[in-house]
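Participant: here's a sequence, model it:
(one chain, ligands or ions: 2)
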Amino acid sequence: MPILQCSDLIKTYFQGDTPINAINRAFIKVMRGEFISIIGQSGSGKSTLLHILSGLDRPGAGKVYIDGKDIFAMNDREFSKFRNKNLGFIFQSFNLLPTLTAKENILMPQLIAGQTPSKQYFDELVEMLGIADRIHHLPSELSGGQQQRVAVARALINKPKIVFADEPTGNLDAKSAEELVSLLLKSRELYNQTLIMVTHDSNLAAKADRVMRMTNGILEPITKEQIF
Ligand SMILES: Nc1ncnc2c1ncn2[C@@H]1O[C@H](COP(=O)(O)OP(=O)(O)O)[C@@H](O)[C@H]1O
Ligand SMILES: [Mg+2]
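Facilitator: Ligands and ions are numbered 1, 2, ... in the order given. Next up, the predicted model:
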């Protein structure tokens, strides 16, 4: 059974009376442990797709199944529990809460889910991400690379089955970007996680098992040669 599957997804925005087909009948099927990269020009619908696949936004039509469950058939409470348990999300702009320390930001999903954090896994995670000595700092006291690693720890704290990453290296220098990607791939290997990543970085996109391209809302598989 695929870990994630969607059929005939449609999302239309309106600018005045003009419809914008942000997603135009997208199909995707992803198996557990796969790494899928999604490329495409700015405005082609990549973020919209990721938001819908992860339940942050609703489609106009179509369904998304995660682990066999129709995510938009769940009520808000069910889905919020499901999401906290199964899905992690990493944004380009980190999205950390500025008044909370790194540690508090990382533990946020667990607090929301009413779960008791595992001290052992927390320690392991911050060690692996190289932020063990920064966890009592506020985001504003951390570098961009460190802030993104805090965001990664927050996405991984519940050992999600699927990690969605929307241009996670977009605001990082080359070295931080490379470190971040190797950490995500390491976590994926350790916990058999599925990784779905939007990126502008062709070399990074080529590391995926499969590559898809978004063009004006149309999602299609491409070969690695077609990336470049
Ligand atoms: N909330 C919104 N309201 C209206 N139009 C939107 C909204 N979000 C995205 N769009 C439009 O949908 C299209 C796809 O946007 P987006 O998914 O952000 O693309 P990408 O991530 O590939 O840059 C763009 O034309 C964008 O302007
Ligand atoms: Mg985007």
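Participant: could you pull out the helices in the protein for me?
Facilitator: Counting by DSSP state H, the segments of the chain that form helices are 46-53, 76-86, 102-113, 119-128, 144-156, 174-191, 202-205.
Participant: the second one to helix 102-113, inter-axis angle?
Facilitator: Computed with axes from the mean of the first three to the mean of the last three CA atoms, to 10 degrees, the direction of helix 76-86 lies at 130 degrees from that of helix 102-113.
Participant: may I have helix 76-86 exported as PDB, CA atoms only?
Facilitator: Provided in PDB are the C-alpha atoms of helix 76-86 (Å, rounded to 0.1, in the frame of the first residue of the first chain):
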ATOM      1  CA  ASP A  76     -10.300  18.700  12.600                       C
ATOM      2  CA  ARG A  77      -9.400  16.900  15.900                       C
ATOM      3  CA  GLU A  78      -8.800  13.600  14.300                       C
ATOM      4  CA  PHE A  79      -6.700  15.100  11.600                       C
ATOM      5  CA  SER A  80      -4.600  17.200  14.000                       C
ATOM      6  CA  LYS A  81      -3.800  14.100  16.000                       C
ATOM      7  CA  PHE A  82      -3.000  12.200  12.800                       C
ATOM      8  CA  ARG A  83      -0.800  15.000  11.500                       C
ATOM      9  CA  ASN A  84       1.100  15.300  14.700                       C
ATOM     10  CA  LYS A  85       1.800  11.600  14.800                       C
ATOM     11  CA  ASN A  86       2.600  11.000  11.100                       C
END
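Participant: which secondary structure elements does it sit against?
Facilitator: Contacts defined by 3 or more CB pairs under 8 Å, 6 or more residues apart in numbering; DSSP states H and E place helix 76-86 against helix 102-113. Using the backbone N, CA and C atoms, a C-beta is placed for each residue, glycine as well.
Participant: counting by contacts, list what the helix it packs on packs against.
Facilitator: Judged by 3+ CB pairs under 8 Å, 6+ apart, helix 102-113 is in contact with helix 76-86, helix 119-128, helix 144-156.
Participant: just those: most buried one?
Facilitator: Most buried of the helices and strands packed on helix 102-113 by mean neighbour count (mean count of other CB atoms under 10 Å) is helix 144-156; its value is a mean of 23.
Participant: measure the residue nearest the centre of the chain to Pro98 for me?
Facilitator: Nearest to the geometric centre of the chain sits Phe164, at 1.7 Å (CA atoms, centre = their mean). Counting by CB to CB, to the nearest Å, the gap from Phe164 to Pro98 is 23 Å.
Participant: likewise for Ile196?
Facilitator: Separation of Ile196 from Pro98 (CB to CB): 27 Å.
Participant: Lys11 too?
Facilitator: 30 Å.
Participant: more neighbours: these two, which one.
Facilitator: Lys11 (22 against 8; other CB atoms under 10 Å).
Participant: specify the beta-bridge partners of that one.
Facilitator: Beta-bridge partners of Lys11, counted by DSSP bridges, are Ile23.
Participant: state the pLDDT value of it.
Facilitator: On pLDDT, Lys11 comes in at 98.
Participant: ok, now which ones touch it?
Facilitator: Asn21, Ala22, Ile23, Gly45, Thr48, Ile52, Asp57, Pro59, Gly60, Gly217 (CB atoms under 8 Å, 6 or more residues apart in numbering).
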